[in-house]
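model the following, please.
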Amino acid sequence: MATAVELIRTVRSGVRDWPFPAFGLAMVILIFGGAWLHLESERESREMQARTATANLARAFEEHVVATVKSIDQLTLNIQRDYRRDPGGFDFERAVASADLILGTSSVAFGISDELGTVVLSKFSRTGFSIADREHFIVHLDSPDSALHIGKPVITRSTGKWSIPFSRRLDNPDGSFAGTITIGLDPDHFANFYGSIALGSRSAVSLVGMDGVIRARLDGATRLVGQSILGSILFKLVIENPVGSYVAKFVTDGVERLVNYRHLSEYPLIVIIGQATDDILAPYYQVRRNVLLAAAVVGLMVLFATVMLAREVSRRRESERLLQTVLDSAPVTIHLKDAALRYQWCNRAFREFFRREFDEPIGKRATESTLDRALAETFEAADREVLGTGRAMTDLAQHYPGSPGVPDRHMLVTKTPIFNAQGKAIQVLTIGTDITAMR
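Next up, the predicted model:
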């Protein structure tokens, strides 16, 4: 803060000093601008990596779901065919063994109901209860469609556990409704597939039906089923594109996630892989803190250096102003010429003494003034001798002829060489004393 205040004071100190604070501020802007561009690139890189990773996981999840559902589809299709062929001789134990072989322990329910909805065969030997009020029974009651139906998650009456009912219509040999075959799949069969994948503590893996009801879901360590997300942006996007990604807050827990989704082409299901944006950007946030801290440190160093430079320039200008005042007050003429014999600097006494010869001497040569040509060349010859020999010339008497109404003038002059770092004379300092009155 102190550095910023000093910079403001320096800016206010005078118009002549404005390039220095302006340069410092421009450098600070460039530093933070470069930091911002780097951070934007870093953020985009993190988001792109996350999109690619979740897209790959969503594709793998889709393949897992499709493989599972196809197995159930084929299993129920075989049962439907065998049951229709010989209801009385149907080998239910063999069907149970096939289901256990395909699904393992994930099958939490497996049963057959009659045309009234009464369970007549069950994997767990409990029969006689009704499922006539269940959606997965009603959907087959009045529909001749024999396709596999994937119902909403329910708590089974045979085990009291959540399950996803996969059901198919059973027909009598004459084609009339004979009941349903239902396999209840544990929702964790899908959620566990990604339970060990490190997507962050707030990642989400979901299997959602086109009716908006969650079939299986894993949010971090929380498993959820049965909730509806029909009003979410997901279903608007699925209509436009069956595969895609978006960023949104989940209605179930309010966490913002980057989501990749895939609508299964063969079944009315959507697989979702979501990763919390805070988890995705956690490394970026650390980089951002470090970059901004470094930019702030460098920016303060630039501001401090700018203030010091402005102070030094101001001090030197003050010294030059003081020296100019002293030299302008001197009772002698003083001027400085370069190696080309052009006037580089002169004091007030010089300007007053030669006001008839020069309107402005700086940048000009003596031969470019109104001085007598021969006299001017004499002066320049003496300057060349000083530059060539590197030795001073003292007590040179110079006469300036007058004109009608203007008296002659006389000056006693000393010329001294000024050397560079290599010892070469590059300038001539001339000090003259007006001795007209003495003469």
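
and the longest helix for the chain?
helix 19-85 (DSSP state H).

and the helix or strand following that helix, average pLDDT?
With elements assigned by DSSP states H and E, the helix or strand that comes after helix 19-85 is helix 92-103. Averaging pLDDT along helix 92-103 yields 80.

what is the helix or strand that helix 92-103 is followed by packed up against?
Later in the chain than helix 92-103, the nearest helix or strand by DSSP H and E is strand 107-113. Using 3 or more Cβ pairs under 8 Å, 6 or more residues apart in numbering; DSSP states H and E, the elements in contact with strand 107-113 are helix 92-103, strand 119-122, strand 162-171, strand 177-185. C-betas here are computed from N, CA, C, even on glycine.

list the buried residues of the last one.
It stands for strand 177-185. Using 16 or more other Cβ atoms under 10 Å as the test for burial, strand 177-185 gives 177-185.

if I look at I280, how far off is D408?
93 Å (Cβ to Cβ, to the nearest Å).

tell me which of these two has more neighbours.
Using other Cβ atoms under 10 Å as the criterion, I280 and D408 rank with I280 on top: 23 against 11.

do I have it right that that one meets A50?
Yes. If you go by Cβ atoms under 8 Å, I280 and A50 touch, sitting 4.3 Å apart.

give me the common contacts of these two.
Counting by Cβ atoms under 8 Å, 6 or more residues apart in numbering, the shared contacts of I280 and A50 are L258.

what segments of the stretch 201-350 of the chain are strands?
204-209, 214-219, 222-223, 243-249, 256-263, 269-276, 333-337, 343-346 (DSSP state E, counting those that start in this stretch).

what's the pLDDT at R439?
If you check R439, the pLDDT there is 65.

can you pull out the low-pLDDT segments for this protein?
The chain contains residues with pLDDT under 70 at 1-21, 105-108, 125, 193-201, 219-223, 251-252, 439.

which SS state does D145 fall under?
Assigned by DSSP: H, G, I helix; E, B strand; the rest coil, the conformation of D145 is coil.

just give the closest residue to it, not the sequence neighbours.
Counting by Cβ to Cβ, 6 or more residues apart in numbering, the nearest residue to D145 once its immediate chain neighbours are dropped is R169, at 7.1 Å.

need the contact list for the one you found.
Counted by Cβ under 8 Å, 6+ apart, R169 has contacts 80, 140, 143-146, 177, 180.

for T180, give the beta-bridge partners.
Counting by DSSP bridges, T180 is bridged to S113, R169.

that one reaches F110, doesn't it?
No. At 11.9 Å, T180 does not count as touching F110 under the criterion of Cβ under 8 Å.

circling back to that earlier point, tell me the one of the buried residues of strand 177-185 nearest A22?
Relative to A22, the closest of the buried residues of strand 177-185 is L185; by Cβ to Cβ it sits at 71.1 Å.

what distance do you get for that closest one to M27?
L185 is 65 Å from M27, by Cβ to Cβ.

ditto for N260
From N260 to M27 the distance is 43 Å (Cβ to Cβ).

so which of these two has more stuff around it?
Higher neighbour count among N260 and M27: N260, with 25 against 17, using other Cβ under 10 Å.

which residues touch that one?
By Cβ under 8 Å, 6+ apart, the contact set of N260 is 51, 54-55, 57-58, 244-245, 272-274.

same thing but 10 Å
50-59, 61, 243-246, 271-275 (Cβ atoms under 10 Å, 6 or more residues apart in numbering).

partners of it in the sheet?
Beta-bridge pairing of N260 under DSSP bridges involves S245, I273.

if we can go back for a sec, could you identify which of the helices and strands packed on strand 107-113 is most buried?
Most buried of the helices and strands packed on strand 107-113, by mean neighbour count (mean count of other Cβ atoms under 10 Å): strand 177-185, with a mean of 25.

CA atoms of that one as PDB?
Output of strand 177-185 as PDB, limited to C-alpha atoms (Å, rounded to 0.1, in the frame of the first residue of the first chain):
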ATOM      1  CA  PHE A 177     -52.200 -63.200 -21.000                       C
ATOM      2  CA  ALA A 178     -50.700 -65.700 -18.500                       C
ATOM      3  CA  GLY A 179     -48.800 -63.400 -16.200                       C
ATOM      4  CA  THR A 180     -45.300 -62.000 -16.000                       C
ATOM      5  CA  ILE A 181     -41.700 -63.000 -15.500                       C
ATOM      6  CA  THR A 182     -39.800 -60.500 -13.300                       C
ATOM      7  CA  ILE A 183     -36.100 -60.300 -12.400                       C
ATOM      8  CA  GLY A 184     -35.300 -57.700  -9.800                       C
ATOM      9  CA  LEU A 185     -31.800 -56.500 -10.100                       C
END
